[in-house]
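>>> Take a look and give me a structure for this.
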Amino acid sequence: GLMSQVVARFRNASVPTLLAGPPERIVRFKQPDDWSCVFRVAQTLFLFLVRCGGPYAAALYAAELAGEGRPADVGQIQARIELAWLDEYDPEGARKFGGQLVGTDKKISLAEVAVVLRAAGVRANVTSWDAKRFGSGTAAARELIRTVATLFAKREWSSDTRPPVLLSVDEHAVVVVAHVGGAAPCLVVLDPAGEKPIG
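Numbering: from 1, shown residues only. The predicted model follows:
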C-alpha cells in the first residue's frame, strides 16, 4: 500500500530518516468531498494514538474519539468538539462557529483538533508560520522543516509513540508522516485529497 511505498523510498534513501511511526500504525483516511480534510487527518492521528496503546488509547477511548480499533467518524468528532466548547475550551472558536458543528459541512481548522485532544487530556499544540515573518515562502518552509525535524528528534518520543504532525496550508490539511534529513531536507506528507505522498 501507500505506506509501504513510502517506507521503501526511505530505506533506499542515502540520507537519515526520522519516520513517524511505526508506519503500520499510520492509516490515511481519504477525503471524499471538498470540506472534510481536517476531519480526515484528525482520524489518521486518532487511530495512530489508539494503536500506540497506553495513556493515549485510554484517553481517546474515554473521550469517545475512538473505539474498537477505529477512530470516531466525522459526526462524532463534531459532537466532541461541541462538548469541548461547552466545557469552556476555546470560547472564541465556539463563537466563530455559533457553537454548532454537528450535521453541518463547516470546515474546521487544526485549532479544533487541538481543542478536542486537550479536552480528552492529550497534549496538543498549534503553531503558525507566516511567510512575511521569514521574508519569503521558501524561508518559512525551511523553518517549518527544521521545526518538524526537531519535534521528531525529541527524546521524549520513542519509535512507538512518534506521532504524525498535522499541517495546514491555505486551509487545506495534510499529515506530515516523516522528515528526511540531509543536505536538502524535505518533508514527506500524506494528503487526504490525493493518492500519493508529497516529497
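
>>> mind listing what's buried in stretch 43-56?
For stretch 43-56, the buried set under the neighbour-count rule, 16 or more other Cβ atoms under 10 Å, comprises Gln43, Thr44, Leu45, Phe46, Leu47, Phe48, Leu49, Val50, Arg51, Cys52, Tyr56. To be clear about C-beta, it is placed using only N, CA and C from the backbone, and glycine gets the same treatment.

>>> where exactly do the helices run in the protein?
Using DSSP state H, the helices of the chain run over 2-11, 37-52, 54-62, 74-86, 91-96, 110-119, 131-134, 137-153.

>>> now those in a markdown table, with mean pLDDT?
As requested, those are exported to a markdown table (pLDDT from 0 to 100):
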| stretch | mean pLDDT |
| --- | --- |
| helix 2-11 | 68 |
| helix 37-52 | 92 |
| helix 54-62 | 92 |
| helix 74-86 | 97 |
| helix 91-96 | 96 |
| helix 110-119 | 95 |
| helix 131-134 | 72 |
| helix 137-153 | 80 |
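
>>> how about the residue nearest the centre of the chain, what does it touch?
Nearest residue to the geometric centre of the chain (Cα atoms, centre = their mean): Leu166, 2.8 Å. When contacts are counted by Cβ atoms under 8 Å, 6 or more residues apart in numbering, Leu166 touches Val38, Val41, Ala42, Leu45, Leu110, Val113, Ala173, Val174, Val175, Val176.

>>> And Val50, by the same measure?
Contacts of Val50 by Cβ under 8 Å, 6+ apart are Tyr56, Ala57, Leu60, Tyr61, Ala66, Gly69, Pro71.

>>> my read: Leu190 touches Ala173, true?
No. Applying Cβ atoms under 8 Å as the test, Leu190 and Ala173 come out as separate, 10.4 Å apart.

>>> tell me, how many neighbours does Val122 end up with?
Number of residues near Val122 (other Cβ atoms under 10 Å) recorded here: 19.
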